[in-house]
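S.K.: Give the three-dimensional model of this entry:
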Amino acid sequence: MISNQILQSTIDGLKTITRRDFFITDIEAKVVASTEENQIGMHMEIVEDFVNSQAESQLIQGYHYFKVFDENTAEYVVAVRGEDEEVYRIGKLAAFQIQSLLVAYKERYDKDNFIKNLLLDNLLLVDIYNRAKKLHIENNVPRVVYLIETQPDKDINIKEVVRSIFPSKSKDFVTAVDERNIILVKEVKEKELMEDKEKVARMIYDTLSSEAMSTISVAVGTMVEDLKDVSRSYKEAKMALEVGKIFYSEKHIISYNQLGIGRLIYQLPVPLCHMFVKEVLHGRTIEEFDEEILTTVQKFFENNLNVSETSRQLYIHRNTLVYRLDKLQKMTGLDLRNFEDAITFKITMMVSKYMNYMEKMSY
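M.R.: Okay, the predicted model is just below:
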């Protein structure tokens, strides 16, 4: 079914051209769009009788009525005010316009269903290629999946906003699996660089942030060259979104091939993570360390274990920083000035983040 907003926009445009009033009802004779005030939502008994008749058009009480068909089944009734000869031609044109919209929306709906089932692995391999051929969707074309997570907003159709960003790209597909996640399956150039993919992600993020005025996250899968592999790129984007929430919460755009060690940790069993942290911290947890120590360690890592630069950025004396590192060494046995120990503690912090996230998700 066509959205009522599209129907309203269509008859508003027709009124501007023809200077005639129109209204459209659904098959149950309820007005869904009108150029006249106070008609929307009304039930038209006259239309009910017309729908049940064999006539395709009929002049009744100052309006000319026309049925709009979808594969020989009436879907809408278009009414034009007036009884002169010109009204018939105008009404036929209006009915033809609505029917053309029905065909276009049906094709989009079919493609939308196909892409959804493709992403969710609900299609057999033979069905993928057969349906793609019928829908005129090319197979061996490089594509990337972008997963956009946003807060639901009743006043803004996020999916349509994303479609408007790529208006001339008929080979790109935008769909949604739930009210929070919008998926863009975008055709890309074969040798498109990662920087180009991130530019697209940045464009999506900037546009939606200004339109929706809410928190937006964009995750990017890897490029695939076969239609059957699009679901893999989608799964990668989903993982990137989840891993980003755990380890890179300050980032709004995250790519699967930039997840680093976070991707490995995300796939570890939680009991194994508990065992690892317990062994490294001798029964302690990261939460038992005071905020001052953890902030110092984080800044120390950011500065590649450089004592002088870290103390300068923290506005503390070098000896104070050394004292804090020595304090941590006494608690854990790890000297963060030693590269191997630093790596061990860094991984421990990341594993602890992962465990905390999984515990919150289980509630």
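
S.K.: where exactly do the helices run in the stretch 201-350 of the chain?
M.R.: 230-247, 261-266, 270-280, 291-302, 307-314, 318-332, 339-362 (DSSP state H, counting those that start in this stretch).

S.K.: Which strands or helices does the third one pack on?
M.R.: Using 3 or more CB pairs under 8 Å, 6 or more residues apart in numbering; DSSP states H and E as the contact criterion, the elements in contact with helix 270-280 are helix 339-362. C-beta coordinates here come from the backbone N, C-alpha and C atoms, glycine included.

S.K.: circling back: quick one: closest of the helices of the stretch 201-350 of the chain to D178.
M.R.: helix 230-247 (12.0 Å; CB to CB).

S.K.: How far off centre is that closest one?
M.R.: Helix 230-247 has its C-alpha centroid displaced from the chain centroid by 12 Å (CA atoms, centre = their mean, to the nearest Å).

S.K.: Contacts for it next, please.
M.R.: Contact with helix 230-247 is made by 118-121, 143-147, 149, 183, 185, 217, 219-224, 251, 254-256, 259, 262-263, 265-266, 350, 353-354, 357, as judged by CB atoms under 8 Å, 6 or more residues apart in numbering.

S.K.: End to end on stretch 305-323, go ahead and measure it.
M.R.: Between the start and the finish of stretch 305-323 there is a gap of 15 Å, counting by CA to CA, to the nearest Å.

S.K.: Next, the buried residues of it.
M.R.: Buried residues in stretch 305-323, counted by 16 or more other CB atoms under 10 Å: 310-311, 314, 316, 321.

S.K.: Same check on stretch 275-294?
M.R.: Here stretch 275-294 shows 276-277, 280-281, 286, 289 as buried, counting by 16+ other CB under 10 Å.

S.K.: Likewise for stretch 4-11?
M.R.: Here stretch 4-11 shows 7-8, 10-11 as buried, counting by 16+ other CB under 10 Å.

S.K.: CA atoms of stretch 278-296 as PDB?
M.R.: The C-alpha trace of stretch 278-296 is given here as PDB (Å, rounded to 0.1, in the frame of the first residue of the first chain):
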ATOM      1  CA  LYS A 278      41.500 -13.800  38.000                       C
ATOM      2  CA  GLU A 279      44.900 -15.200  37.100                       C
ATOM      3  CA  VAL A 280      46.400 -11.900  36.000                       C
ATOM      4  CA  LEU A 281      45.000  -9.800  38.900                       C
ATOM      5  CA  HIS A 282      45.400 -12.500  41.500                       C
ATOM      6  CA  GLY A 283      41.700 -12.700  42.400                       C
ATOM      7  CA  ARG A 284      41.100  -8.900  42.100                       C
ATOM      8  CA  THR A 285      38.800  -7.200  39.500                       C
ATOM      9  CA  ILE A 286      39.500  -4.000  37.500                       C
ATOM     10  CA  GLU A 287      36.700  -2.300  39.500                       C
ATOM     11  CA  GLU A 288      38.800  -2.600  42.700                       C
ATOM     12  CA  PHE A 289      41.400  -0.200  41.300                       C
ATOM     13  CA  ASP A 290      40.800   3.500  42.100                       C
ATOM     14  CA  GLU A 291      39.900   5.900  39.300                       C
ATOM     15  CA  GLU A 292      43.300   7.700  39.600                       C
ATOM     16  CA  ILE A 293      45.300   4.600  38.800                       C
ATOM     17  CA  LEU A 294      43.000   3.600  35.900                       C
ATOM     18  CA  THR A 295      43.100   7.200  34.400                       C
ATOM     19  CA  THR A 296      46.900   7.200  34.700                       C
END
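
S.K.: That one - what's its average pLDDT?
M.R.: Mean pLDDT, stretch 278-296: 90.

S.K.: Next: stretch 126-139.
M.R.: Computed over stretch 126-139, the average pLDDT equals 86.

S.K.: same check, this time on stretch 72-84
M.R.: Confidence for stretch 72-84, expressed as mean pLDDT, is 89.

S.K.: How about stretch 14-32?
M.R.: Across stretch 14-32, pLDDT averages out at 92.

S.K.: Can I get it in CSV? Just the C-alpha atoms.
M.R.: C-alpha atoms of stretch 14-32 as CSV (Å, rounded to 0.1, in the frame of the first residue of the first chain):
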residue,chain,number,x,y,z
LEU,A,14,-3.0,17.5,-9.4
LYS,A,15,-5.1,20.2,-7.9
THR,A,16,-2.4,22.8,-8.5
ILE,A,17,-2.3,21.7,-12.2
THR,A,18,-6.1,21.2,-12.9
ARG,A,19,-7.7,23.5,-10.2
ARG,A,20,-10.0,20.6,-9.3
ASP,A,21,-10.7,19.0,-5.9
PHE,A,22,-9.9,15.4,-5.4
PHE,A,23,-10.2,12.8,-2.7
ILE,A,24,-9.0,9.2,-2.5
THR,A,25,-10.6,6.4,-0.5
ASP,A,26,-9.4,2.9,0.3
ILE,A,27,-11.3,-0.2,-0.6
GLU,A,28,-13.4,0.1,2.6
ALA,A,29,-14.6,3.6,1.5
LYS,A,30,-12.6,5.5,4.1
VAL,A,31,-11.1,8.8,2.8
VAL,A,32,-7.3,8.6,3.1
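
S.K.: In a markdown table, list the buried residues of stretch 4-11 along with pLDDT.
M.R.: Supplementary listing: the buried residues of stretch 4-11 in a markdown table, determined by pLDDT from 0 to 100:
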| residue | pLDDT |
| --- | --- |
| L7 | 91 |
| Q8 | 92 |
| T10 | 92 |
| I11 | 93 |
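
S.K.: Name the nearest of the residues you listed relative to L102.
M.R.: Using CB to CB, the buried residues of stretch 4-11 come closest to L102 at L7, 10.4 Å.

S.K.: Leaving out the residues flanking it, which one is nearest to that closest one?
M.R.: A33 (4.0 Å; CB to CB, 6 or more residues apart in numbering).
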